[in-house]
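Enquirer: can't give you the sequence, but here's the structure:
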């Protein structure tokens with residue numbers, strides 16, 4: 001399965017980031033805490049170069065706490081200040097504001113010494129689609145001022161957003177990169193909803209997710225879908241389309257059946273992906289820094 005998605009507006013968004021970089025003091029790069037490496041657009045480093053940056057791990061409430069701590073250390077050791085955020089409940093927002101002001105303080109003070117009047121800290125928000133950029137901005141603002149949605153590609157144009165408490169934000173459209181060379185990265189993006197579902201084989205994607213969860217979070221998976229595998233329960237062959245077998249067991253246990261008692265794979269695939277994205281299977285992180293190294 002070759003997953004690729006790079007609609008035309010994303011090429012325009014890349015140009016917007018580069019063109020507007022000179023107007024900001026610091027960049028907020030938002031990553032998905034469940035996939036801290038796959039959600040990092042490799043083109044962003046090339047575009048931002050030495051511009052000061054804060055890495056924000058959004059959806060931290062859905063991620064594995066232990067692995068989140070490891071990822072925080074991993075990014076810190078590479079020179080990236082970072083903070084873990086739950087942009088729905090607001091956890092981590094005050095820490096992010098403090099880091100923004102701290103990183104920008106020296107530049108603003110130098111400008112004031114040259115006679116320039118005080119101005120807000122200007123920051124640009126960048127990240128892949130559906131990573132929660134607009135939700136984060138709304139939470140910082142304390143009100144709903146940007147469009148949000150659970151589908152990738154809601155933000156299509158840049159938006160300057162003036163906030164109280166000395167922070168001004170430039171919201172940019174979500175940007176992927178032209179080609180996913182690593183199929184695992186593409187799958188992780190599909191699992192979390194960064195790629196539009198309409199272009200994907202959802203049964204295939206859900207089966208791949210089931211296999212990954214079975215390897216990494218077996219207890220959470222079995223508990224959620226009432227699986228009794230082995231020892232007199234459901235039998236599986238781990239060498240033969242494991243993900244599809246798990247999907248069928250989950251579908252049968254959930255009653256996703258059609259005429260003849262056949263499992264409706266499309267229905268259970270949709271359920272599994274929705275429940276994973278909503279954190280109902282458990283707090284799950286699909287990558288570890290040790291695997292990357």
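Expert: Sure, I can see it. Just so it is clear, the model here is predicted, and its values are computed rather than measured.

Enquirer: host element of residue 243?
Expert: helix 242-254 (DSSP states H and E).

Enquirer: Other residues contacting the next helix or strand after that helix?
Expert: Next helix or strand after helix 242-254 toward the C-terminus (DSSP H and E): strand 257-258. With C-beta atoms under 8 Å, 6 or more residues apart in numbering as the test, strand 257-258 has contacts from 251, 263, 264. All C-beta atoms are positioned from the backbone trio N, CA, C, and that covers glycine.

Enquirer: Distance from the chain centre to the helix holding residue 243, please.
Expert: Taking C-alpha atoms, centre = their mean, to the nearest Å, one finds helix 242-254 lying 26 Å from the centre of the chain it belongs to.

Enquirer: Average pLDDT for that helix, rounded please.
Expert: Averaged over helix 242-254, pLDDT sits at 95.

Enquirer: Which neighbouring elements make contact with that helix?
Expert: helix 202-216, strand 262-263, helix 265-277 (3 or more C-beta pairs under 8 Å, 6 or more residues apart in numbering; DSSP states H and E).

Enquirer: got JSON lines for the ones you listed, with distance to residue 30 too?
Expert: Compiled in JSON lines, the helices and strands packed on helix 242-254 are given as follows (distance: least, C-beta to C-beta, whole Å):
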{"stretch": "helix 202-216", "distance to residue 30": "22"}
{"stretch": "strand 262-263", "distance to residue 30": "37"}
{"stretch": "helix 265-277", "distance to residue 30": "16"}
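
Enquirer: of all these, which lies closest to residue 57?
Expert: Taking C-beta to C-beta, helix 265-277 is the member of these nearest to residue 57, at 16.3 Å.

Enquirer: re the thing from before, which one (most neighbours) among the contacts of strand 257-258?
Expert: residue 251 (24 neighbours; other C-beta atoms under 10 Å).

Enquirer: Could you list the domains of this protein?
Expert: 8-171, 201-292 (automatic domain parsing).

Enquirer: Could you tell me the least trusted of those domains?
Expert: Among the domains of the chain, domain 8-171 scores lowest, with a mean of 81.

Enquirer: how far is that domain from where the chain is centred?
Expert: Using C-alpha atoms, centre = their mean, the offset of domain 8-171 from its chain centre is 13 Å.

Enquirer: ok, now stretch 262-280?
Expert: Distance, centroid of stretch 262-280 to centroid of chain: 19 Å (C-alpha atoms, centre = their mean).

Enquirer: what comes into contact with that stretch?
Expert: 61-62, 191-193, 197, 202-203, 205-207, 209-210, 213, 224, 244, 247-248, 250-252, 254, 256-258, 281, 284.

Enquirer: What's the PyMOL syntax to select whichever of these are buried?
Expert: This is how PyMOL selects the buried members of the contacts of stretch 262-280, with burial counted by 16 or more other C-beta atoms under 10 Å:
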select buried, resi 61+62+191+192+193+202+203+205+206+207+209+210+213+224+244+247+248+250+251+252+254+256+281+284
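
Enquirer: check which helix or strand covers residue 27.
Expert: strand 26-32.

Enquirer: typo on my end, residue 280
Expert: Here residue 280 is assigned to no helix or strand, by DSSP H and E.

Enquirer: what about it, how many neighbours?
Expert: Residue 280, neighbours per other C-beta under 10 Å, totals 13.

Enquirer: for residue 241, same thing?
Expert: Counted with other C-beta under 10 Å, residue 241 comes out at 14.

Enquirer: now do residue 12
Expert: 14.

Enquirer: Can you list the neighbours in contact with stretch 101-115?
Expert: 25, 26, 52, 54, 81, 118, 119, 121, 123, 166, 167.

Enquirer: quick one, helices of the stretch 51-200 of the chain?
Expert: 65-76, 93-113, 133-141, 183-192 (DSSP state H, counting those that start in this stretch).
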